[in-house]
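S.K.: The following block contains a protein sequence and its predicted model.
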Amino acid sequence: MDPNRILTGPYTLKPLKQLNTSKCSKEEILDYFENAYSLNESLFTILSCEEAFYKCPDRLRLPLIFYYGHTAVVYLNKLTLAGLLQERVNFEFETMFETGVDEMNWDDTENYRMGGSYKWPSVNEVAEFRGEVRKLIRQVILDTPLELPVTQESPWWAVFMGLDHERTHIETSAVLIRQLPIDMVRNIEGWKLAPRTHEDGVNNKIAMVTVDASEVTLGKPVDYPTYGWDCEYPQVNKSVPAFEASAFLITNKQFFHFVNTRGYHRREWWTKEGWEWKTFREAKHPVFWVCTKGCKSNCGADLADYTHCKPKDSTNDDNSNGHSTNGVSHGDDAFERKHGRKYRYRTMCGEIAMPWDWPVIVNYHEAKAFCNWKKDDFRLPTEAEQWAMRDDEVPSDEMHNVNSAYDSSTPVNMYPPSQKGFYDVIGNAWEWVEDNFNGYPGFKSSYLYDDYAGSSMDGRHNIIVGGSWISRSGSMAHFSRYAFRRHFYQFAGFRLCRSVNFSEDPPVVLVPQINAKQDFTISLRNTDKHIQQSKNQQFLEERPEALQKRLQEEYGSMNEGNFYSRLHDICLDIVQAHNNSFNRVLDVGCACGRLAFELAKDFKEVVGLDFCEQYICASEQLKKKGHLSYHLLNEEDLDQPPPAKQARTNGEEMAEDAIIPSGVDVNRVTFKQMTWLPNELADYDLVIQHGLERVQNKKAWLVRLWEVITPGGVAVVVCRSCQYWKAGKIRMAGQRKISCQYWKAGKIQGVAVVVCQDGWTEKDLMPILESR
């Protein structure tokens, strides 16, 4: 049952139903935690050997050992941020397993942890760590007073976040395990596949159902009594013009005709981005189909040359690892005889005969190519249209293939349809929709996980909705909306859709891509009407004009009166008052690096950190070359008038050079792009946070200050246009781990500085205050 000794609790494949946050008891929370923890570990018993933990089934993901350890770390990190934990368990592991990878580009190089081929701990060490965390979280649940209802403001929300994150990663890990070489997986006790067909099967002709124009309400009520991720809130009303969509998710059989007519070889069916992905990936069929032509797998690292598609003379017709579907095909026997042996199907634990009536699992590019191949103005549904296909009430688990009712997809006609005639609008397989991922109007991120959704609101991610067979409940799947890059694989399929009245645009949401030529993949008559700015305000700083403005503000005046040189002087005053030797400095919100360069005059190691990619790139260029040219903007676009000094005319355009301050040893400075303060940032003597007015969740950028600074270290929080964040608020955000004093900085008119230090008192601060 447990060949690699990874279970820290009982083996189980039976998930509990989602908790009600308005009336659950501690005993129920504890049972749900134990169940989720065991479910995740039990999934990894599919791996037949320890070697499999160190493989990369997906070239854009980390080895499976990371995902085995990751969910335990998220509990620790979130409960620490919420103030429910005061001490760390194993900070090395809590750093190592904290952060996975963004999906990145499909043509990115292989990912290795922390900049190079990485030495991961043994499976036994990680199992022992998970066991320690299990005991600790149990104790937190038992010892922490429970106040109902549990809301987003409650410390208990961090517990529920950890629970739901654990359940979510069961699905993430399942997608990866399913791509491993078949000799690295095994059949496990209680694993139950669905039948390949149901009743008379599914007609190969795509049946369409019409939906009249309607008003729909998307999103989750703020007071709904279950846990939800920030991007699910709040509710929003939308008008949906009449449309028609396929009653069933597109099946493997229906997609076969696209493959069989060389759909993967004909560029005209693919978007520009999709064809580039297909060409690089050398894809010839969906990822879980198995042929006999040695096709390139999606695996990475030392599995990059592995193929699931063995040559015909080496294919075992019964490569199922001891399991099979619950039934035989009763569908189109003639089709089965003609095409049934061309492809087999990869499940979690082995291979089976192709289940033609199951939904095809594809990425967005493949789904979109199929729509284009079908012609007749077919497209994917929008998010609002997919909601319009559902029933009004939140679904029950019994009516849908969710929560591991089966350990696989089911035939698309197996569960009853919605009242409007659509099957599997919840469960079985996620559905790709046309919308770019964005927050609903009124979106607010959680300080516990500020970059959970916001980092994907960039126009490069689309949405999947509806849940799959392994998603955690019907009600959770009803509200779930996840962002994935269009080349990415989940247990996601699609259905066809098209407008009834082509003079009316579908209710689609499009988000402009940052610093990229837009390539919207849906035909609209009034595209501008559907473009929304990202609900993550931080992306606004990736615009080219924002960089020009930033460079002008930081480097437009190299004299003594520059804001950043004066801030540098204030930091020196504070450090000198402390009478200690400070060496390591973290500049949070470094933007284009001016303050970091100033600090490098006096400190041996300076790390400049910012969320903005183009600012960090500019900082790196300045470090490398010593200067960087930029264009002057109009005075009204700047906080202060641009200097005429060093300006030169280029036609009607004014240009200037940003030049780093003299006397700087650039080797002392390192720049990093990060969208939060991760555990790897620690042991700094001095931390300067001067970017609060630029971030969407201020508390998220303050709450870890007490862990980032060394004992006796100092954090300087600079408030330029956010006077709300004064000493009391910062102390609260820092979990009262640090004492804070409010200091009106005389050297910079209108700017407030809060000095945060372990043990500092007003008496210590008075000499500085009096000198101002």
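M.R.: Received it, and whenever you're ready, just let me know what you need.
S.K.: Which parts of the stretch 201-350 of the chain are strands?
M.R.: For the stretch 201-350 of the chain, the strands identified by DSSP state E, counting those that start in this stretch occupy 208-211, 214-218, 236-240, 243-246, 289-290, 344-346, in order along the chain.
S.K.: out of these, nearest to Gln254?
M.R.: Closest approach to Gln254 among the strands of the stretch 201-350 of the chain (Cβ to Cβ): strand 243-246, 8.9 Å. (C-beta placed from N, C-alpha, C; glycine too.)
S.K.: possible to save the strands of the stretch 201-350 of the chain as CSV with mean neighbour count, distance to Glu598 and mean pLDDT?
M.R.: Supplementary listing: the strands of the stretch 201-350 of the chain in CSV, determined by neighbours: other Cβ atoms under 10 Å; distance: least, Cβ to Cβ, whole Å; pLDDT from 0 to 100:
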stretch, mean neighbour count, distance to Glu598, mean pLDDT
strand 208-211, 16, 61, 98
strand 214-218, 16, 48, 97
strand 236-240, 15, 45, 97
strand 243-246, 23, 58, 98
strand 289-290, 22, 58, 96
strand 344-346, 23, 57, 96
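S.K.: Redo the ones you listed as JSON lines? Include distance to Glu166.
M.R.: Output for the strands of the stretch 201-350 of the chain, formatted as JSON lines (distance: least, Cβ to Cβ, whole Å):
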{"stretch": "strand 208-211", "distance to Glu166": "36"}
{"stretch": "strand 214-218", "distance to Glu166": "26"}
{"stretch": "strand 236-240", "distance to Glu166": "29"}
{"stretch": "strand 243-246", "distance to Glu166": "34"}
{"stretch": "strand 289-290", "distance to Glu166": "30"}
{"stretch": "strand 344-346", "distance to Glu166": "25"}
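S.K.: Which one of the ones you listed lies nearest to Glu50?
M.R.: Nearest of those to Glu50, taken as Cβ to Cβ: strand 344-346 at 22.2 Å.
S.K.: In the stretch 251-400 of the chain, mark out all the helices, start to finish.
M.R.: Counting by DSSP state H, counting those that start in this stretch, the segments of the stretch 251-400 of the chain that form helices are 252-260, 272-281, 333-339, 364-374, 383-388.
S.K.: Name the residues of the third one that are buried.
M.R.: Neighbour counts over helix 333-339 (16 or more other Cβ atoms under 10 Å) mark Glu336, His339 as buried.
S.K.: How about the first one?
M.R.: Going by neighbour count (16+ other Cβ under 10 Å), the buried part of helix 252-260 is Asn252, Lys253, Gln254, Phe255, Phe256, Phe258, Val259.
S.K.: of all the strands of the stretch 201-350 of the chain, which lies closest to Gly442?
M.R.: Distance to Gly442, taken as Cβ to Cβ, is lowest for strand 236-240 among the strands of the stretch 201-350 of the chain, at 7.8 Å.
S.K.: so what strands line up beside the closest one?
M.R.: strand 214-218 (antiparallel) (DSSP bridges).
S.K.: what number of residues lie near Lys625?
M.R.: Summarising burial for Lys625: neighbours were counted as other Cβ atoms under 10 Å, giving 10.
S.K.: So for Ser581, which of the helices of the stretch 251-400 of the chain sits nearest?
M.R.: In this view, the helices of the stretch 251-400 of the chain are compared for proximity to Ser581 by Cβ to Cβ, and helix 272-281 is the closest at 51.8 Å.
S.K.: What's the mean pLDDT across the closest one?
M.R.: Per-residue confidence for helix 272-281 averages out to 95 on the pLDDT scale.
S.K.: next one: stretch 575-595
M.R.: Computed over stretch 575-595, the mean pLDDT rounds to 89.
S.K.: Give me the buried positions along it.
M.R.: If you call a residue buried by 16+ other Cβ under 10 Å, then stretch 575-595 has these buried ones: 575, 577-578, 582, 584-595.
S.K.: Which elements pack onto the top strand by length along the chain?
M.R.: The single longest strand within the chain, with elements called by DSSP state E, is strand 709-719. Secondary-structure packing of strand 709-719 (3 or more Cβ pairs under 8 Å, 6 or more residues apart in numbering; DSSP states H and E): helix 563-578, strand 684-689, helix 705-708, strand 752-757.
S.K.: Excluding chain neighbours, what is closest to Arg704?
M.R.: Leu677 (4.6 Å; Cβ to Cβ, 6 or more residues apart in numbering).
S.K.: Quick check: the one you found vs Gly162, distance?
M.R.: 19 Å (Cβ to Cβ, to the nearest Å).
S.K.: between those two, who's got more neighbours?
M.R.: Each of Leu677 and Gly162 has its neighbours counted (other Cβ under 10 Å); Gly162 has more, 27 against 22.
S.K.: mind listing what that one touches?
M.R.: Contact analysis of Gly162 by Cβ atoms under 8 Å, 6 or more residues apart in numbering lists Thr71, Val74, Tyr75, Lys78, Leu79, Ile137.
S.K.: okay if I get those residues as JSON lines plus pLDDT, neighbour count and secondary structure?
M.R.: Formatted as JSON lines, the entries for the contacts of Gly162 read as follows, by pLDDT from 0 to 100; neighbours: other Cβ atoms under 10 Å; DSSP: H, G, I helix; E, B strand; the rest coil:
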{"residue": "Thr71", "pLDDT": "98", "neighbour count": "25", "secondary structure": "helix"}
{"residue": "Val74", "pLDDT": "98", "neighbour count": "20", "secondary structure": "helix"}
{"residue": "Tyr75", "pLDDT": "98", "neighbour count": "26", "secondary structure": "helix"}
{"residue": "Lys78", "pLDDT": "97", "neighbour count": "22", "secondary structure": "helix"}
{"residue": "Leu79", "pLDDT": "97", "neighbour count": "23", "secondary structure": "helix"}
{"residue": "Ile137", "pLDDT": "98", "neighbour count": "23", "secondary structure": "helix"}
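S.K.: quick one: which of the residues you listed is nearest to Ala245?
M.R.: Comparing every one of these with Ala245 (Cβ to Cβ), the shortest separation belongs to Thr71, at 35.6 Å.
S.K.: these two touch, right, the closest one and Asp164?
M.R.: No - with the criterion set as Cβ atoms under 8 Å, Thr71 and Asp164 do not qualify as a contacting pair; they are 10.5 Å apart.
S.K.: Quote the end-to-end distance of stretch 281-296.
M.R.: The separation between the terminal residues of stretch 281-296, taken as Cα to Cα, to the nearest Å, is 8 Å.
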